[in-house]
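S.K.: 3D model of this:
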Amino acid sequence: MTLSDPAISSPTFLSQLGRQTLRTVSDLRLAIILLLAIALFSISGTIIEQGQTLTFYQENYPEDPALFGF
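M.R.: Got it, this is the predicted structure:
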């Protein structure tokens with residue numbers, strides 16, 4: 001298939017692609033997943049102190065034993 005193929009360049013194909021994209025973006029499950037991801041990153045940004053030196057993070061957040069497996 002190429003872009004010059006009549007099946008791809010037809011208005012119905014573009015219309016269907018637009019509808020499918022709109023359906024995917026407006027899906028409630030996707031919105032919930034994105035909100036949960038934002039919440040998790042916000043929580044981690046709140047808990048982990050910012051603007052410290054590398055040695056501070058190495059001392060306070062060791063890799064072994066890792067906190068909650070991270």
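S.K.: and the longest helix along the chain, what's its mean pLDDT?
M.R.: Longest helix in the chain, counting residues (DSSP state H): helix 28-47. Mean per-residue pLDDT for helix 28-47: 92.
S.K.: who touches it?
M.R.: Contact partners of helix 28-47, identified using CB atoms under 8 Å, 6 or more residues apart in numbering, comprise residue 24. C-beta coordinates here come from the backbone N, C-alpha and C atoms, glycine included.
S.K.: can you name the element that comes right after that helix?
M.R.: helix 54-60 (DSSP states H and E).
S.K.: from the chain's centre, how far out does that next one sit?
M.R.: Distance, stretch centre to chain centre, for helix 54-60: 28 Å (CA atoms, centre = their mean, to the nearest Å).
S.K.: export that helix as CSV, just CAs?
M.R.: Provided in CSV are the C-alpha atoms of helix 54-60 (Å, rounded to 0.1, in the frame of the first residue of the first chain):
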residue,chain,number,x,y,z
LEU,A,54,23.9,12.9,44.1
THR,A,55,25.5,11.7,47.3
PHE,A,56,22.4,12.7,49.3
TYR,A,57,20.3,10.5,47.1
GLN,A,58,22.8,7.6,47.3
GLU,A,59,22.8,7.8,51.1
ASN,A,60,19.0,8.2,51.6
